[in-house]
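Chemist: need a structure here:
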Amino acid sequence: MIRQIAPQFFTIDIPATIAYYKDKLGFECLGTWQDPPVYAIVARDQHAIHFRCAAPPTANPDKYADELLDAYLHVEDADALYAEYAAKGIEFIRGLGNMPWHSREFVVKDCDGRLLAFGSNL
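Modeler: So this is what the prediction gives:
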């Protein structure tokens, strides 16, 4: 039985990515490996994201126009998290709103250009 899944994202700057996820998105760094770091794990509410130092794959030129998500994070209260992130100056690609699939959600663009959707059930 799968109990948890942790995405692994590529980044060319582990320290900058850790700083963004810690300072802007409220994650904590669980550890880094090697000096300078080539791998890191961050977590929030017992859910982890792994980062590996590597060049990211070639981006789809329509990624932002088509809102091609890198991850969808189910949250308890999208309104509260949206307010937290707005206060920190997060770059939103799509503001908070009710969606036809019975979710209240928003989308942010992280420091490496990934699109992260956060949503709660209506």
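
Chemist: please count neighbours and contacts with C-alpha atoms only from this point.
Modeler: Fine.

Chemist: in this protein, which spans are strands?
Modeler: 8-11, 28-33, 39-44, 47-53, 71-74, 92-99, 103-109, 115-121 (DSSP state E).

Chemist: tilt between the longest one and strand 103-109?
Modeler: So that's strand 92-99. Per axes from the mean of the first three to the mean of the last three CA atoms, to 10 degrees, the angle that strand 92-99 makes with strand 103-109 is 170 degrees.

Chemist: in strand 92-99, what's buried?
Modeler: Neighbour counts over strand 92-99 (16 or more other CA atoms under 10 Å) mark Phe92, Ile93, Leu96 as buried.

Chemist: check contacts around the last one.
Modeler: With contacts defined as CA atoms under 8 Å, 6 or more residues apart in numbering, Leu96 is in contact with Ala78, Asp79, Tyr82, Arg104, Glu105, Phe106, Val107.

Chemist: measure Phe9 to Thr17 for me?
Modeler: 10 Å (CA to CA, to the nearest Å).
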